[in-house]
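Chemist: The following block contains a protein sequence and its predicted model.
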Amino acid sequence: MYQRILVPVDDSETSHRALDEAGKFAKDQRAVLRLVSVIDLAQFSWGGAEFLDTSDLQASLREAGKKTLEAAQERLKADGVEAETALVETWGGRIAGLVVEEATRWQADVIVMGTHGWTGLDHLILGSVAEGVVRITPVPVLLVRTR
């Protein structure tokens with residue numbers, strides 16, 4: 001059924017739960033997993049540049065993204081599931097759009113991702129990458145909540 005599963009990952013509990021669910025699917029369906037971490041290199045490029053070494057900060061973001069992917073890969077490996085990884089970089093782009101682009105390019109059958117389930121003011125202020133993905137993707141999405 002689902003042979004190609006894309007999983008956007010970060011270092012949140014919600015992401016860990018989604019990763020565990022994707023691992024179950026992958027084992028059951030003998031599917032291929034692709035873990036994606038998106039980093040925004042532009043987040044330190046505005047204001048205060050004279051006080052910051054943006055190239056060092058961007059290198060730190062890349063390293064953090066790689067470590068997130070490695071940790072997710074190890075988490076799956078402990079359950080006997082292999083996964084490939086991709087670090088996607090943006091310069092101020094919408095993360096949801098990049099996740100969908102990666103899923104489409106890679107020809108994912110499903111996207112499995114976490115959602116915080118925020119409502120009200122939290123949702124208004126913090127928004128939701130998961131909601132953005134659901135709104136624009138042609139690929140089915142499984143959302144996993146922590147609560």
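Modeler: Thanks, I have it.
Chemist: who touches the strand or helix carrying Lys24?
Modeler: For Lys24, the element it lies in under DSSP states H and E is helix 13-29. Outside helix 13-29, the residues that touch it by CB atoms under 8 Å, 6 or more residues apart in numbering are 1-3, 5, 7-9, 31-33, 35, 72, 75-76, 79-81, 83, 110, 112-116, 142-146. Heads up, the C-betas are built off the backbone N, CA and C, glycines and all.
Chemist: try it again with 6 Å
Modeler: Contact with helix 13-29 is made by 1-2, 5, 7, 9, 33, 72, 76, 79, 81, 112-114, 116, 144, 146, as judged by CB atoms under 6 Å, 6 or more residues apart in numbering.
Chemist: Direction included, what does the very next helix or strand once past that helix pair against?
Modeler: Counting by DSSP H and E, the next helix or strand C-terminal to helix 13-29 is strand 32-40. Using DSSP bridges, strand 32-40 pairs in its sheet with strand 4-8 (parallel), strand 83-90 (parallel).
Chemist: and the next element down the chain from strand 32-40?
Modeler: The element immediately downstream of strand 32-40 (helix or strand, assigned by DSSP H and E) is helix 54-77.
Chemist: Now that following helix: buried residues?
Modeler: Within helix 54-77, the residues scored as buried using 16 or more other CB atoms under 10 Å are Gln58, Leu61, Gly65, Thr68, Leu69, Ala72, Gln73, Arg75, Leu76.
Chemist: For it, which helices and strands make contact with it?
Modeler: Counting contacts by 3 or more CB pairs under 6 Å, 6 or more residues apart in numbering; DSSP states H and E, helix 54-77 packs against strand 32-40, strand 83-90.
Chemist: picking up where we left off before, in TSV: the buried residues of helix 54-77, plus distance to Gly92.
Modeler: Formatted as TSV, those follow (distance: CB to CB, whole Å):
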residue	distance to Gly92
Gln58	13
Leu61	13
Gly65	16
Thr68	20
Leu69	22
Ala72	25
Gln73	28
Arg75	30
Leu76	31
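Chemist: Can you tell me which of the contacts of helix 13-29 are buried?
Modeler: 2, 5, 7, 9, 33, 72, 76, 81, 112-114, 116, 144.
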